[in-house]
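Colleague: sequence first, predicted coordinates after that:
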Amino acid sequence: MPYLGDEGRDVLIAKGIITGQHFPLVGPPTSIGNLYLGPLYFYLMAPFLGVFGFDPLGPAVFVALTSIATIVLIYILTKEMFKNQLAGNLSALLYAVSPLTVEFGRWPWNPNVMPFFATLFIFSLWRVFEKKQEAWILLTGISLALILQSHYLGLAAILVLASSLIIKRPTIKYIEYWVAGLIFFLVLMSPLFIFDLRHDFLNIRGFWQIVSERRSGGFSIIDIVSRSRDRLRQIFGDFTSLGERSLANNLLLGLSLVIWIVLAKPKRQWWLVGVWLIGGAVFMGLYQGPFYGHYLEFLIPACAIFLGGMLATLSRLHLIGKGLAMVTTLILVIFFIFQSQKIVLRKLVPNVQTTKELVHFIADNSTGEPFNFSLLAKNNYDTAYRYFFDLWNLPAEYNSVTKQLFVICEGEAVCQPQGNPKWEIAIFDAAYNGNIEIVGEWQFHNYFRLFQFKPKQG
């Protein structure tokens, strides 16, 4: 599992919840503007951190369990939607072995729980609009709040809900369920509302800034359609590991759409999957900034259900259809497993064990005396290490200068700690008027270099 600065930040906050030191009203910052998510991810992962003795493995188990639960939920939902056990089997199988879900299912990160909550959200909509079980709208409100606190591009769920209301135009018999669903949603979102009230509406101003930039950039239907198409190709390319622009991905997506339109003739059971996929892609097509794979996690289960439903539909076409469906499924599953093994077997650094090793080494070489710490890394920051400093009560100082400084360089960084302008190094250097020296240098795993600085003697 990856263990970097974001993961270290999250377990630091979760530890504060368990020990009662701090109950946050806000969650992780986003990468799409000056916005913060809600704190529910921290509260959900905290019990697992506690059960696992404050080891960061605990939150990873939580994410893995939600990924496994998504497989089960996809099976139940697809089987019910298509009234076809084969569709449920195929969709669950494809989701279970997809390289994308294998990777995200091993990684304790807030967007990686979204596929479960997205599937739960769609399942509740299906029960409300098709089964006329209005009590399920309570789960719609809960799952919507959890989606929005996983990542803000989960706002696509609101478009799916609105589209479903327009398409189905339900007759509301039990208004109390709908009111309760709204109340559950507002209660779960309330920490974020309180945070905004306390901080001069930071999130609202961040949203307005994004909208203003979008308006100043002009509005082009052609651009939105083009980006929506790219988002659709990207999610299928990522899900299958075929690559967004590869011929194989375009053929698979194109043939699947043809089978959907010609054979399924978007029948009753397909409308919600279509709204989920197309509506989600269109919503994400509105976003003009750099677009990363985890932004699409709302749509991952939709890919599995769409492909599984398409293959089950194809298998109804006598012998040729059954043969094509079987061969396609076999090729996809073998390819998925082959690609997934690369993810499972690769050794990631930094990880929890290497971080513990380095922190133990620093503790031994600091001889129990207070120390300063700095990390030089291209794409990481130091909270992964600070978590273990805090957990093991090591005398790491952040607000005052001590008599020793430890600096870690991670592989891809330019490793020039002496005279480096980074704040922790510069302030230590300035405190001793540049009169410092390296008293120790070590290398670990051909990736880390650790330096110990002290003031020069004499």
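Modeller: In hand now; what should we look at? Numbers count the residues shown, from 1 in each chain.

Colleague: can you tell me the closest non-neighbouring residue to residue 77?
Modeller: Using C-beta to C-beta, 6 or more residues apart in numbering and skipping residues adjacent in sequence, the residue nearest residue 77 is residue 123, 4.9 Å away. Glycine gets a C-beta too; all of them are placed from N, C-alpha and C.

Colleague: hmm, that neighbour is touching residue 73, no?
Modeller: Yes. Residue 123 is within contact range of residue 73, at 6.3 Å (criterion: C-beta atoms under 8 Å).

Colleague: so which strand or helix has the residue nearest to residue 77?
Modeller: Per DSSP states H and E, residue 123 falls inside helix 114-129.

Colleague: ok, then the element right after that helix?
Modeller: That would be, after helix 114-129 and using DSSP H and E, helix 137-148.

Colleague: just give me the neighbour total for residue 198.
Modeller: 11 (other C-beta atoms under 10 Å).

Colleague: repeat that for the one 5 residues further on.
Modeller: A count of neighbours around residue 203, defined by other C-beta under 10 Å, yields 21.

Colleague: which of the residues in the host helix or strand of residue 179 are buried?
Modeller: Secondary structure assigned from DSSP H and E places residue 179 in helix 175-198. By 16 or more other C-beta atoms under 10 Å, the buried positions in helix 175-198 come out as 177-178, 181, 184-185, 188-189, 191-192, 195-196.

Colleague: how about those in CSV, adding pLDDT and distance to residue 319?
Modeller: Listed next are the buried residues of helix 175-198 as CSV, based on pLDDT from 0 to 100; distance: C-beta to C-beta, whole Å:
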residue, pLDDT, distance to residue 319
177, 96, 48
178, 96, 49
181, 96, 47
184, 97, 50
185, 97, 50
188, 96, 51
189, 95, 53
191, 93, 58
192, 90, 56
195, 90, 61
196, 88, 61
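
Colleague: show me this protein divided up by domain.
Modeller: 5-345, 352-455 (automatic domain parsing).

Colleague: quick one: distance of the longest one to the chain centre.
Modeller: Read it as domain 5-345. 10 Å (C-alpha atoms, centre = their mean, to the nearest Å).

Colleague: that domain: end-to-end distance?
Modeller: 23 Å (C-alpha to C-alpha, to the nearest Å).

Colleague: the helix holding residue 179 packs against which elements?
Modeller: When contacts are defined as 3 or more C-beta pairs under 8 Å, 6 or more residues apart in numbering; DSSP states H and E, helix 175-198 packs onto helix 137-148, helix 202-216.

Colleague: so after the last one, what's the next helix or strand?
Modeller: Think helix 202-216. helix 221-240.

Colleague: tell me the average confidence for that following helix?
Modeller: Helix 221-240 shows a mean pLDDT of 91.

Colleague: buried stuff in that helix?
Modeller: Those would be 224, 227-228, 230-240, for helix 221-240 by 16+ other C-beta under 10 Å.

Colleague: returning to what we had before: can you say which of the domains of the chain is packed in most?
Modeller: Scoring the domains of the chain by mean neighbour count under mean count of other C-beta atoms under 10 Å gives domain 5-345 as the most buried, with a mean of 19.

Colleague: the helix holding residue 179 to helix 137-148, inter-axis angle?
Modeller: 30 degrees (axes from the mean of the first three to the mean of the last three C-alpha atoms, to 10 degrees).

Colleague: touching helix 175-198 from outside, list them.
Modeller: Residues from elsewhere that reach helix 175-198, judged by C-beta atoms under 8 Å, 6 or more residues apart in numbering: 24-27, 36-40, 134-135, 137-142, 144-146, 148-149, 172, 202-204.

Colleague: which stretches of this protein aren't confidently modelled?
Modeller: Low-confidence regions of the chain, defined by pLDDT under 70, span residues 32-33, 210-219, 264-268, 412-413, 458.

Colleague: and the strands in the stretch 301-450 of the chain?
Modeller: Remark: strands assigned in the stretch 301-450 of the chain by DSSP state E, counting those that start in this stretch are 372-376, 405-410, 436-444, 448-455.

Colleague: parallel or antiparallel, which strands does the first one pair with?
Modeller: Using DSSP bridges, strand 372-376 pairs in its sheet with strand 405-410 (parallel).

Colleague: list the residues that contact residue 160.
Modeller: If you count contacts by C-beta under 8 Å, 6+ apart, then residue 160 has 121-122, 125, 275-276, 279-280 around it.

Colleague: turn those residues into CSV, including distance to residue 431.
Modeller: Converted to CSV, those look like this (distance: C-beta to C-beta, whole Å):
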residue, distance to residue 431
121, 54
122, 57
125, 60
275, 61
276, 58
279, 57
280, 53
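
Colleague: which among those gets closest to residue 247?
Modeller: residue 280 (24.5 Å; C-beta to C-beta).

Colleague: next one: the closest one from residue 332, what distance?
Modeller: 22 Å (C-beta to C-beta, to the nearest Å).

Colleague: pull the CA atoms of the helix holding residue 179 into PDB?
Modeller: The C-alpha coordinates for helix 175-198 follow below in PDB (Å, rounded to 0.1, in the frame of the first residue of the first chain):
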ATOM      1  CA  ILE A 175     -43.400  12.600   2.100                       C
ATOM      2  CA  GLU A 176     -42.000  11.900   5.600                       C
ATOM      3  CA  TYR A 177     -39.400   9.500   4.000                       C
ATOM      4  CA  TRP A 178     -38.200  12.200   1.600                       C
ATOM      5  CA  VAL A 179     -38.000  14.800   4.400                       C
ATOM      6  CA  ALA A 180     -36.100  12.400   6.600                       C
ATOM      7  CA  GLY A 181     -33.700  11.600   3.700                       C
ATOM      8  CA  LEU A 182     -33.000  15.400   3.300                       C
ATOM      9  CA  ILE A 183     -32.500  15.700   7.000                       C
ATOM     10  CA  PHE A 184     -30.000  12.800   7.100                       C
ATOM     11  CA  PHE A 185     -28.100  14.500   4.200                       C
ATOM     12  CA  LEU A 186     -28.000  17.900   5.900                       C
ATOM     13  CA  VAL A 187     -26.900  16.400   9.300                       C
ATOM     14  CA  LEU A 188     -24.100  14.500   7.700                       C
ATOM     15  CA  MET A 189     -23.000  17.600   5.800                       C
ATOM     16  CA  SER A 190     -23.400  19.900   8.800                       C
ATOM     17  CA  PRO A 191     -19.700  19.800  10.000                       C
ATOM     18  CA  LEU A 192     -18.700  21.300   6.700                       C
ATOM     19  CA  PHE A 193     -21.500  24.000   7.000                       C
ATOM     20  CA  ILE A 194     -20.200  24.900  10.500                       C
ATOM     21  CA  PHE A 195     -16.600  25.000   9.200                       C
ATOM     22  CA  ASP A 196     -17.700  27.400   6.400                       C
ATOM     23  CA  LEU A 197     -19.500  29.600   8.900                       C
ATOM     24  CA  ARG A 198     -16.400  29.800  11.100                       C
END
